[in-house]
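> got a sequence here, can you model it:
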Amino acid sequence: MVLATKDIRIFADGKLQIWGDAYFYHHSANLVAEGVGFVNPLKYNKFGIVTQASDHPPLFIAYLAVFSLLGLKSIVAHQLATGLIGIMLVVATAQLSRLAFGERVGKVALWLAVMSPLLWSWDKMLWSEPLAMLFAVLTVLVSIRTLHNATPLNVVLLGVVAGCATLSRAELLLCGLLSIGLVLLVRHRSITKSLVAGACMLAVLSPWVLFNLSRFDETVILSNGLDIVIPTDNCASTYRGPLVAYWDIACAQEAIDSAKRRFPNADESVVNAEIRRIGVDFIRNNKRRAAEVVVLRELRVLGIYKPLQQIRLDHFPEGKDRNFAVLSWMNYYALVPFAIAGFSMMIRRQRILALICATPIITALAAVAISAGITRYRASADPILLIFAAVAISSSVEFVARQWKAPVTNV
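Residues are numbered from 1 along each chain as shown. Next up is the predicted model:
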């Protein structure tokens, strides 16, 4: 074996193998393209069993399925398809920076995005993070367009993009709602336009939601991925063991085994409901420690708590290339001081604009609080960190240029 990570391995014979979330996305896309539907790909491929699945929202699977329909079904083809999202992300980040903060900031953000492994190191992993990052940026971009000019078209577009963002990763529902609230309720003070944007967002989500409600015994709205996350991230080893504020696959397996023993022939939604109950009971029995762990989760993704361990965990078991994991954190630590400075400048000058741009950051921190201190949960906020850093760098360059050109006066 040449390379081993959580989701992708290259064996000595050169054959590429995947599992985990990468397996789910890749094979689900092929099964959707073949007309099998949104089912558990592992059970179908290994045993021929059709088991309805909603572990993740559908947009990334649907995106890859388009390439599968064109005959591009291989792992590498899907990695290249994800790389196209990465290119669009760079362009969208630069465009958002230009629209929000001007041409100079847009140019700085473009160069930072091109050089930033925080943005492009996810592309080959066959995860939904690149698509979520793209739609987080697009949500903010359309929000700012609507902030400047709340035309009916912009209001509708804001709702549609916010809905698509939610279908890329479920937690981006909060990003969309915050954006609609800040732009249309706080700034434009229009309940009618807020309701229109919300209705458009609901219209985008409703086909998937109705589909889920029709195929499971227990209620599933967007996805049931959180069901397994709760016991995985809330157990003895993640509260006081070596993986504090992280996740432990052994806890997940224990919860799954317990749920299947109790409901041996139930569908996935019933088993997941039992798994969720196990995790929630653990939280209720450890409320004080749970609150402390929430803080430690935030400190993990911010690079303050156990940063060296976090880099190792990003490589294994998360699956990021070791060099990319190190470079990504170096990139993050280099950007953060500038991002803080850029946000501070903007919150004084244009408070609403700064808050709209910060909605993906707020969303990412909320997702981490209820799940685990995993770097990938911060991914949708990283383009915004880069944009705030571009604001500070551009202002610094402009200040130095003014000082350099300033006339010397005799005292």
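> what helix or strand does residue 243 sit in?
Using DSSP states H and E, residue 243 sits within no helix or strand.
> show the contacting residues for the closest residue to it other than its chain neighbours.
Nearest residue to residue 243 in three dimensions, chain neighbours excluded: residue 237, at 5.4 Å (C-beta to C-beta, 6 or more residues apart in numbering). Backbone N, C-alpha and C define where each C-beta goes, glycine included. Counting by C-beta atoms under 8 Å, 6 or more residues apart in numbering, residue 237 touches 243, 248, 250-251.
> are any of these buried, and which?
When those are checked for burial by 16 or more other C-beta atoms under 10 Å, the buried set is 243, 248, 251.
> closest one of these to residue 50?
The closest of the buried ones among the contacts of residue 237 to residue 50 turns out to be residue 251 (C-beta to C-beta; 28.5 Å).
> mind telling me what element the closest one is part of?
Applying DSSP H and E as the criterion places residue 251 in helix 249-262.
> and that helix, what does it pack onto?
Packing partners of helix 249-262 (3 or more C-beta pairs under 8 Å, 6 or more residues apart in numbering; DSSP states H and E): helix 225-233, helix 236-239, helix 268-285.
> what about those helices, which gets the closest to residue 371?
Checking the helices and strands packed on helix 249-262 against residue 371 by C-beta to C-beta gives helix 225-233 as the closest, at 5.2 Å.
> that closest one vs helix 268-285, what angle?
40 degrees (axes from the mean of the first three to the mean of the last three C-alpha atoms, to 10 degrees).
> for helix 225-233, packing partners?
Against helix 225-233 (3+ C-beta pairs under 8 Å, 6+ apart) you get helix 249-262, helix 268-285.
> do a quick rundown of the strands in the protein.
3-4, 8-10, 16-18 (DSSP state E).
> mean confidence score for the shortest one?
Taken as a whole, strand 3-4 carries a mean pLDDT of 36.
> how about the second one?
Strand 8-10 shows a mean pLDDT of 50 in the predicted model.
> can you give the contact residues for stretch 298-314?
The contact list for stretch 298-314 (C-beta under 8 Å, 6+ apart) reads 244-246, 296, 320, 325-326, 328-329, 332-333, 336, 364-365, 368-369, 373-375, 377-378.
> which ones among these map onto helices?
296, 325-326, 328-329, 332-333, 336, 364-365, 368-369 (DSSP state H).
> give me the buried entries from those residues.
Restricting the ones in helices among the contacts of stretch 298-314 to buried positions leaves 296, 325-326, 328-329, 332, 364-365, 368-369, with burial counted as 16+ other C-beta under 10 Å.
> can I get the residues you listed in JSON lines with distance to residue 401 and pLDDT?
Shown next, in JSON lines, are these (distance: C-beta to C-beta, whole Å; pLDDT from 0 to 100):
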{"residue": "296", "distance to residue 401": "43", "pLDDT": "98"}
{"residue": "325", "distance to residue 401": "36", "pLDDT": "96"}
{"residue": "326", "distance to residue 401": "34", "pLDDT": "96"}
{"residue": "328", "distance to residue 401": "31", "pLDDT": "97"}
{"residue": "329", "distance to residue 401": "31", "pLDDT": "97"}
{"residue": "332", "distance to residue 401": "28", "pLDDT": "98"}
{"residue": "364", "distance to residue 401": "34", "pLDDT": "98"}
{"residue": "365", "distance to residue 401": "35", "pLDDT": "97"}
{"residue": "368", "distance to residue 401": "39", "pLDDT": "97"}
{"residue": "369", "distance to residue 401": "42", "pLDDT": "97"}
